[in-house]
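S.K.: Sharing a model prediction with you, sequence too.
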Amino acid sequence: MKQKQFETYTAEDTQRLGQKLALLLRPNDVITLSGDLGAGKTTFTKGIGTGLGVMRMINSPTFTIVKTYHGELPLYHIDAYRLEDSEEDIGFDEYFNGDGISVVEWPQFIESFLPDERLDFIFERKAGDKRLILCEPKGEFFEYVCEELAR
Amino acid sequence: MKKDNETMILAIETSCDETAVAILRDGVKLEANVVASQIESHQRFGGVVPELASRHHVEQMTIVLEEAFRQADMTMDEIDVVAVTEGPGLVGALLVGISTAKALAFAHQKRLVGVHHIAGHIYANRLQEEFQFPIIALVVSGGHTELILMKEHGLFEVLGETRDDAAGEAYDKVARTMGLPYPGGPEVDRLAQLGQDTLAFPRAWLEEDSFDFSFSGLKSAVINTLHNAKQKGIELKQEDIAASFQASIVDVLVEKTFRAAQQYKAKQVLLAGGVAANRGLRTAITTKFADQNIVLSIPPLWLCTDNAAMIGAAAMIAYQKGNQADWTLNANPGLDLEMYGKR
């Protein structure tokens, strides 16, 4: 597995990284974001939205579980926080094969529904606004994406 | 019985957790209002816990429909319009309601109307009193925090919305940090009544002219405060944490609503969504608008949480505007409120 590590120092940095990622993705790609509350997952997703040309405000999907946005590709912002211990399939295939980009927060709660090939990001809070972002590709294409993102 | 000049609406809502059906006369008088979770709490149909999966909506739909027709003492013959939430929401969940509505409307040759879920929350207020425009609506729930301007029926302008967490979500996450069971919003509200705003949490006003909200910083501030206190061995009163947190959220919600009402010369201000049930918010907004010449509408709790009555109320306006759907009506999980109003 070819991991890459990124450091960001402001919310804008984190957003820019997401924006750069968006340009490397294809329809039906699945991205997962792990990390504590306030680690920058939604900020990163805002960046992906900007990169995809989403005009609407991207905010937390925790309660609604999925928020759908229209950009050059559809963006499915999924938060599995409320699905802990439920084992429920809320129709993930509709999203993962819905010709858009799926961004999944709290992916550990829906592990069995996630595709094998995907790109995992792990966010860690450091002092102040500093964030350590680990990129873990699953599959050849995402190794390429990860490398391109680091260039 | 229905008179000839009346419009009878059957409304269906399945956008999230609740399977709900209502029947309304002219979009303002409720003949039946059934929410699946309420039926279950009466244990008439066994103790099935409502869940998110669409199959739960499928299982409950006919039961809820039958109960609604029983409450209203009506049959499908007396219905003129079948209304259904078409978005936003979970696609699988929405599709259950939409398929049901289409099947009923097609089989019985009724008119079909698609409704925006948030338009529904706003129109819940019209079941209480007629609207007076311009209106400023504060929609606060687990999934939404939005300030909306309405200059006429069925038209919506989003003045501001949350940039990160919804207000209800901030409540639930802080409750979890405090060790309260999920969903902890109502419990934080209860504790807040017993405590004092002693911790001076930040208020996120954002840019001076902005009607947007941000509650993520507040959430972090509460988590950090609890963490630091624990490390220093200081015991904070749960009641004071709740009261301080609630004061910070309510201050911003009420002040921004007030500013929007002034700026747009609102004749009516209305609350909508699940957090409208919050006592701290109700008290603060009532006090703030007490000496204003503005009608303040706060719906009862059963109209704040997800229901189909509100969908029927909003559908009446869409129907009167001629916004009927055809048989291609589909789930629209990313439906935009402003676009919906301009149809």
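M.R.: On my side now, so go ahead.
S.K.: ok, and for stretch B:309-320, which residues are buried?
M.R.: B:309, B:310, B:311, B:312, B:313, B:314, B:315, B:316, B:317, B:318, B:319 (16 or more other CB atoms under 10 Å in any protein chain shown). Placement of C-beta: from N, CA and C, glycine included.
S.K.: quick one: the third one from residue A:122, how far?
M.R.: So that's residue B:311. 41 Å (CB to CB, to the nearest Å).
S.K.: hmm, which helix or strand of the chain has the shakiest average pLDDT?
M.R.: Just going to use chain A. Within chain A, confidence by mean pLDDT, DSSP states H and E is lowest for helix A:92-96 among all helices and strands, at a mean of 89.
S.K.: that's the wrong chain, I wanted chain B
M.R.: Scanning chain B with mean pLDDT, DSSP H and E, the lowest is helix B:36-41, at a mean of 58.
S.K.: Not counting the very next helix or strand once past that one itself, show me its contacts.
M.R.: Where DSSP states H and E defines the elements, the next helix or strand beyond helix B:36-41 is helix B:54-72. Helix B:54-72 is contacted from outside by A:90-91, B:10, B:14, B:19-23, B:31-36, B:39, B:45, B:48, B:50, B:75-76, B:90, B:92-93, B:95-97, B:100, using CB atoms under 8 Å, 6 or more residues apart in numbering or on different chains.
S.K.: and if we set it to 6 Å?
M.R.: B:14, B:19, B:21, B:23, B:31, B:32, B:34, B:36, B:92, B:93, B:96, B:100 (CB atoms under 6 Å, 6 or more residues apart in numbering or on different chains).
S.K.: Residue A:32 in helix, strand or coil?
M.R.: What DSSP: H, G, I helix; E, B strand; the rest coil gives for residue A:32 is strand.
S.K.: Pull the contacting residues for residue 84.
M.R.: Defaulting to chain A. Counted by CB under 6 Å, 6+ apart, residue A:84 has contacts residue A:109.
S.K.: Chain B is the one I meant
M.R.: B:12, B:97, B:98, B:101.
S.K.: Of those residues, which is the nearest to residue A:86?
M.R.: Set against residue A:86, the nearest of the contacts of residue B:84 by CB to CB is residue B:97 (20.9 Å).
S.K.: Under the pLDDT cut-off, which ranges of the stretch 101-250 of chain B? List them.
M.R.: Low-confidence segments of the stretch 101-250 of chain B (pLDDT under 70): B:182-183.
S.K.: Get me the contact residues on it for chain A.
M.R.: B:142, B:143, B:161, B:162, B:164, B:165, B:169, B:220 (CB under 6 Å from any CB of the partner chain).
S.K.: same thing but at 10 Å, please
M.R.: Contacts of the stretch 101-250 of chain B with chain A, taken as CB under 10 Å from any CB of the partner chain, map to B:117, B:141-146, B:158, B:160-166, B:168-170, B:172-173, B:176-177, B:182-183, B:212-217, B:219-221, B:223-224.
S.K.: Could I get the buried residues of stretch B:309-320 in CSV, plus columns for secondary structure and pLDDT?
M.R.: As requested, the buried residues of stretch B:309-320 are exported to CSV (DSSP: H, G, I helix; E, B strand; the rest coil; pLDDT from 0 to 100):
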residue, secondary structure, pLDDT
B:309, helix, 98
B:310, helix, 98
B:311, helix, 98
B:312, helix, 98
B:313, helix, 98
B:314, helix, 98
B:315, helix, 98
B:316, helix, 98
B:317, helix, 97
B:318, helix, 97
B:319, helix, 97
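S.K.: Would you format these as CSV with distance to chain A included?
M.R.: Below are the buried residues of stretch B:309-320 laid out as CSV (distance: CB to the nearest CB, whole Å):
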residue, distance to chain A
B:309, 21
B:310, 17
B:311, 17
B:312, 22
B:313, 22
B:314, 19
B:315, 21
B:316, 25
B:317, 23
B:318, 21
B:319, 26
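S.K.: I'd like the residues you listed laid out as JSON lines, including distance to residue B:64.
M.R.: Listed next are the buried residues of stretch B:309-320 as JSON lines, based on distance: CB to CB, whole Å:
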{"residue": "B:309", "distance to residue B:64": "13"}
{"residue": "B:310", "distance to residue B:64": "16"}
{"residue": "B:311", "distance to residue B:64": "13"}
{"residue": "B:312", "distance to residue B:64": "14"}
{"residue": "B:313", "distance to residue B:64": "18"}
{"residue": "B:314", "distance to residue B:64": "19"}
{"residue": "B:315", "distance to residue B:64": "17"}
{"residue": "B:316", "distance to residue B:64": "21"}
{"residue": "B:317", "distance to residue B:64": "24"}
{"residue": "B:318", "distance to residue B:64": "22"}
{"residue": "B:319", "distance to residue B:64": "22"}
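S.K.: Of those residues, just say which sits nearest to residue A:76.
M.R.: Closest to residue A:76, out of all of the buried residues of stretch B:309-320 and judged by CB to CB, is residue B:311, at 24.2 Å.
S.K.: Give the full set of residues in contact with the closest one.
M.R.: B:9, B:11-15, B:20-22, B:24, B:83-86, B:97, B:113-117, B:119-121, B:123-124 (CB atoms under 10 Å, 6 or more residues apart in numbering or on different chains).
S.K.: Isn't residue B:269 up against residue B:295?
M.R.: Yes - applying CB atoms under 10 Å, one finds residue B:269 in contact with residue B:295, separated by 7.3 Å.
S.K.: Now list whatever residues contact both of those two.
M.R.: Joint contacts of residue B:269 and residue B:295 (CB under 10 Å, 6+ apart) are B:135, B:289.
S.K.: Between the two, which is the more surrounded one?
M.R.: For residue B:269 versus residue B:295, the count of surrounding residues by other CB atoms under 10 Å in any protein chain shown is larger for residue B:269: 22 against 16.
S.K.: and the more buried one, helix, strand or coil?
M.R.: strand.
S.K.: Could I get the full set of strands for chain B?
M.R.: Ranges of strands within chain B are B:8-13, B:20-25, B:29-35, B:81-87, B:111-116, B:135-140, B:145-150, B:157-161, B:268-272, B:295-297, based on DSSP state E.
S.K.: Please apply the same query to chain A.
M.R.: A:4-8, A:30-34, A:66-70, A:74-79, A:101-105, A:118-125, A:131-138.
S.K.: which of those strands is buried the deepest?
M.R.: strand A:101-105 (a mean of 27; mean count of other CB atoms under 10 Å in any protein chain shown).
S.K.: Quick one: list the elements packing against it.
M.R.: helix A:11-22, strand A:30-34, helix A:41-52, strand A:66-70, strand A:74-79, helix A:92-96, strand A:118-125 (3 or more CB pairs under 10 Å, 6 or more residues apart in numbering or on different chains; DSSP states H and E).
S.K.: what about the ones you listed, which gets the closest to chain B?
M.R.: Checking the helices and strands packed on strand A:101-105 against chain B by CB to the nearest CB gives strand A:66-70 as the closest, at 3.4 Å.
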